[in-house]
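S.K.: Show me how the following folds:
(2 chains)
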Amino acid sequence: MSIEILKTHVLDRLAEAGRRTFGQAAEGVEIVFPPDLQLGHFAVGCFPLSKQLRKSPAEIAKTLAAAISADEVIESAAAAGPYINFRLANRVFFGGVIDAILAAGDRYGDSPVGRNRRVMVEYLSPNTNKPLHLGHLRNAALGISVSRMLEATGHRLVKSILINDRGVHICKSMLAWERFGNGATPASEGVKGDHFVGKWYVRYAIESEKDPSLEKSIQDMLKRWEEGDPKTIELWKRMNQWVYDGFAETYRRFGMDFDVFYYESDTYKLGKDVIGEGMGKGVFARDERGNTVYHLPEKQFGLEKNGASKKVTVLRPDGTSLYITQDIGTAILKVTQHNLDSSIYVVGSEQEHHFKCLFSMLGALGYAWASNCYHLSYGMVYLPEGKMKSREGKVVDADDLIAGMVELAEEEIRRRDPEHKLSDGEIRQRAAVIGTGAVKYYLLRVRPTQSINFDPAESISFDGFTGPYCQYAYARIFGILEKAGQRGMEGGSADLALLGNIEELLLLKMLIQFPEEVASGVAEYNPSRVAVHVFNTAKAFNQFYNKHAVLQAGSSELTAARLALIRATAAVLKRGLNLLGIDVLENM
RNA sequence: GCGCCUGUAGCUCAGUUGGAUAGAGCAACGGACUUCUAAUCCGUAGGCCGGGGGUUCGAAUCCCUCCAGGCGCGCCA
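M.R.: Reported below is the predicted structural model:
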């Protein structure tokens, strides 16, 4: 009997009690959990019935509760003020939930709401002139998690990345390397490619302070690039490849994967063409300075102070493209190449205006799918000393952060292995899972709209509300299950009527609520829903674990029942963490 | 000036489709490892849910208003 059937049964009995006592079915109420599970397993607030029956909720609750007799599901019904608390038979309450979870396995909590909808999630969008930083990691953690949650709801997913590989900022690292690099390469320096190129980007900033003429050289280089000068293109390709090699390593470490790579250099021309067509249709106009502009609709964007319409420039007077130019091209490519129903952009909140403009423009160009584009906006990540600024070196480097966390995890693992039973390889593998899990969890545990104040001390904690805490609960369960297997305690059907103490009830409640939290998380594009719930589940398990023994439960029947409960718990923890892009470990 | 976001315990945050005494982590203090992994658990302390007004039987949650902070507001990305 699934949890839905149990709820339906209680509601049916309630409706029937209403017919007998008030002459009409008691309907329109909702099953909730009592604040304290000692009060009962299910509860119903009688507020909605108050109006139609013209009696106080408390009076209704009292009458209905008295009219409900026990059956094979309901053990008792008791009024408590305006609420009716239902105590259910443990056999069906625990049995219904646990059986459903064990049957669904890793797919418990999945739903088919998004079946067959093709959706693209674009995340990361790095520049090829510097390595990734903490802000990128928040972006990636969100992108990975939202992708998995969409898959869990039946969407057909295409994960994409947009690489900003052209423009004046890219030329800066190229010029610095050309002038001062003396042929050095990432290999010759023993430096990861993206860090190597990033070093030249910083070098440019330093040199251009001393020598303002470099600005001119940059413009010349950009012009040569746009004209397709073979030497410049070759340099560009070579340095970009260094960066891609470096990025690939970071993608691997953090678990990012992409089905499609878009490059601004491939899409800006399409954007220009589309703008040209749009000119003909009157979507765009030329302003007094020669810019090609899009006038933003007053209804959505309002007007300038002087009453003129607001506008956004899509091409410079010389016809060169801007950020939004290539975005138009990329948006169209995405939909046409992949036949998308919707397109999600995981990009920071500072670009909300940009995407509003872009989507408005696409609509004006006649693309009906523009209304299915969604900007998944997330708050900034601040450092203790303020905003991150890569040009000033005020960043938390992504590779450094991950490596630091993995190292801390490794220290902790070694501390717990004084007899050196673990191989170095095993330790490294565990440390990677724990370290990256901690980073991801730290970035996903708050809702996306919240800005994050990066607190180094808090971020490196493995205690409390963290990824490792959740992973640890899973490992503890695995340890018990493993021992149970060794001792031949596995198998056979358990009598779940033996369960029912408060810790078991609280744990079961978490398992019941998991699908609702996943559903809310997907609807809101908010992985923190899942992150918080996984933590609460782990906490409920730890509370149970500290109070009750599984293997030494006192009887083999009780052991079997508790094994079923924790097996279901493990499935939820694993699936929950998996939806966050975090792996579990069987031993920690 | 306008738009979006944020304001809940000392700190960082859940809870925001209105419902039973507002939750957690960290920090502080006091406890629990001869027993399934102490990356754990238990206890103590800590709150005019930014201020004010309104709607409602009922508001952290909805509406109005004010205050504070962040981000953004064409020719950067």
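S.K.: Strictly from the record, what residue spans define the domains of chain A?
M.R.: Using automatic domain parsing, the domain parsing of chain A gives A:3-88, A:118-266+A:325-392, A:272-320, A:438-579.
S.K.: Centre of the chain to the shortest one, how far?
M.R.: Taking Cα atoms, centre = their mean, to the nearest Å, one finds the center of domain A:272-320 at 35 Å from the center of the full chain.
S.K.: ok, now stretch A:524-544?
M.R.: The answer for stretch A:524-544 is 14 Å, by Cα atoms, centre = their mean.
S.K.: Then stretch A:427-442?
M.R.: Relative to its chain's centre, stretch A:427-442 lies at 17 Å (Cα atoms, centre = their mean).
S.K.: Can you list the neighbours in contact with it?
M.R.: Stretch A:427-442 has contacts (Cβ atoms under 8 Å, 6 or more residues apart in numbering) with A:137, A:141, A:144-145, A:253-255, A:401-402, A:405-410, A:412-414, A:417, A:422, A:459-460, A:462, A:466-468, A:470-471, A:531, A:577, A:580-585, A:587-588. The way it works is simple: take the backbone N, C-alpha and C, and place the C-beta from them, glycine included.
S.K.: Of all the residues in the stretch 351-500 of chain A, which one is nearest RNA strand B?
M.R.: Among the residues of the stretch 351-500 of chain A, A:Gly464 lies nearest to RNA strand B; the distance is 2.0 Å by Cβ to the nearest atom of the strand.
S.K.: Check what pLDDT that residue gets.
M.R.: Looking at A:Gly464, its pLDDT reads 95.
S.K.: sorry, back to before: please convert the domains of chain A to CSV, extending it with mean neighbour count and distance to A:Glu426.
M.R.: Below are the domains of chain A laid out as CSV (neighbours: other Cβ atoms under 10 Å; distance: least, Cβ to Cβ, whole Å):
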stretch, mean neighbour count, distance to A:Glu426
domain A:3-88, 17, 39
domain A:118-266+A:325-392, 19, 18
domain A:272-320, 14, 54
domain A:438-579, 19, 14
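S.K.: circling back: among the contacts of stretch A:427-442, name the ones in strands.
M.R.: In this view, the contacts of stretch A:427-442 have no member that belongs to strands under DSSP state E.
S.K.: Phi, psi for the residue of the stretch 351-500 of chain A closest to RNA strand B please.
M.R.: A:Gly464 adopts backbone torsions of phi 70, psi -140, taken as degrees, to the nearest 10.
S.K.: what secondary structure does A:Gly554 sit in?
M.R.: coil (DSSP: H, G, I helix; E, B strand; the rest coil).
S.K.: Could you check how far it is from RNA strand B?
M.R.: Plainly put, A:Gly554 is 11 Å away from RNA strand B if you go by Cβ to the nearest atom of the strand, to the nearest Å.
S.K.: same deal with A:Asp229?
M.R.: A:Asp229 sits 19 Å away from RNA strand B, taking Cβ to the nearest atom of the strand as the criterion.
S.K.: Next, the contact list for A:Val121, please.
M.R.: Counting by Cβ under 8 Å, 6+ apart, A:Val121 touches A:143, A:146-147, A:150, A:157-160, A:344, A:346.
S.K.: Those in helices, which ones?
M.R.: Under the assignment DSSP state H, the contacts of A:Val121 contribute A:143, A:146-147, A:150 to helices.
S.K.: Could you work out the most separated pair of these?
M.R.: Greatest spatial distance among the ones in helices among the contacts of A:Val121 (Cβ to Cβ): A:Gly143 and A:Leu150, at 10.7 Å.
S.K.: Make JSON lines from the ones in helices among the contacts of A:Val121 and add pLDDT and distance to A:Val197 to it.
M.R.: Putting those into JSON lines (pLDDT from 0 to 100; distance: Cβ to Cβ, whole Å) gives the following:
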{"residue": "A:Gly143", "pLDDT": "98", "distance to A:Val197": "23"}
{"residue": "A:Val146", "pLDDT": "98", "distance to A:Val197": "29"}
{"residue": "A:Ser147", "pLDDT": "98", "distance to A:Val197": "28"}
{"residue": "A:Leu150", "pLDDT": "97", "distance to A:Val197": "33"}
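S.K.: shaky segments in chain A?
M.R.: Residues of chain A that meet the criterion pLDDT under 70 lie in A:386, A:389-393, A:491-492.
S.K.: near RNA strand B, which residues of the stretch 151-300 of chain A show up?
M.R.: Neighbours of RNA strand B within the stretch 151-300 of chain A, by Cβ under 7 Å from any atom of the strand: A:164, A:167-169, A:264, A:287, A:289, A:291, A:293.
S.K.: now, which of those residues sits nearest A:Val197?
M.R.: A:His169 (11.5 Å).
S.K.: Is the closest one located within a strand, as I assumed?
M.R.: No. Going by three-state DSSP, the assignment for A:His169 is helix, not a strand.
S.K.: I'd like to know how far the closest residue to it other than its chain neighbours sits from A:Glu209.
M.R.: Distance criterion Cβ to Cβ, 6 or more residues apart in numbering; nearest residue to A:His169, sequence neighbours excluded, is A:Asn129 at 5.4 Å. In this structure, A:Asn129 and A:Glu209 are 17 Å apart, going by Cβ to Cβ, to the nearest Å.
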